[in-house]
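Visitor: sequence plus predicted model, see below.
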Amino acid sequence: MSSVAEKEINNFMSGTLSNTRILVLFGVLGAAMLIGASIKDPNLKICFYLSFMLIVIGLINLNLAVTFYIKLRNEKGIEGPRGERGDKGPKGFPGRCELNLDASCEIKNCRPKITDRLIKQCPHYGETVSKREVDRTTEENKMLSKYNQWIDEISKQCGTQQDEDAFFQKVFDDTSKYCLV
């Protein structure tokens, strides 16, 4: 309920601020006309109006900059390319899986680990994944579909495994089995 009230208040305030800006603009223009009409020298009058026009353009520019900043400051930008993978962390405690005392040992975050390994070992997969979806060809989309099916199958096996290094070594032992190009 409070979000509806906040939206109504924001709409009211933005409308009020917009109306106030218009009134201030007309007030400043009226004052400038009165001041400009009281100037007798034509050269000084031209200088006054040109200077006033520069000030108005500067204020409009400042107003637009602040307005766009307020509207766009919380918008998410375009996602960039994936960064380099960091160093491998330290070994865990022997006999336990990530301090899991329930002894239900399985490989955690299996899908991202498989994807990272594919990006490292299959250059064509890495290039295709890094492309935007609209830039991929039909063949690349079919290839990604096959990779995703394969990743799904391997991810299902992760729940029954305990030794992560041995599991991934077994899965990725022959490049010709999983690199489609």
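Guide: It's in.

Visitor: only C-alpha atoms from now on, for both contacts and neighbour counts.
Guide: Noted.

Visitor: and residue 124, that one's in a helix?
Guide: Yes - under DSSP: H, G, I helix; E, B strand; the rest coil, residue 124 falls within a helix.

Visitor: for the residue in the chain sticking out farthest from the centre, pull up the helix or strand it's in.
Guide: Within the chain, the residue lying farthest from the chain centre (CA atoms, centre = their mean) is residue 40, at 57.8 Å. Assigned by DSSP states H and E, residue 40 belongs to no helix or strand.

Visitor: tell me the pLDDT of it.
Guide: Per-residue confidence (pLDDT) for residue 40: 91.

Visitor: leaving out sequence neighbours, find the closest residue to residue 179.
Guide: Nearest non-adjacent residue to residue 179, counting by CA to CA, 6 or more residues apart in numbering: residue 122, 5.6 Å away.

Visitor: can you give me the pLDDT of that neighbour?
Guide: At residue 122, pLDDT is 78.

Visitor: what about it, neighbour count?
Guide: The number of residues packed near residue 122 is 17, by other CA atoms under 10 Å.

Visitor: low pLDDT regions in the chain?
Guide: Across the chain, the ranges flagged by pLDDT under 70 are 1-18, 92-107, 159-163, 174-178, 180-181.

Visitor: can you map out the helices along it?
Guide: 2-38, 42-72, 110-121, 123-130, 138-158, 164-171, 175-178 (DSSP state H).

Visitor: picking that back up, any idea how far the residue nearest to residue 179 is from residue 133?
Guide: If you measure residue 122 against residue 133 using CA to CA, to the nearest Å, the figure is 19 Å.
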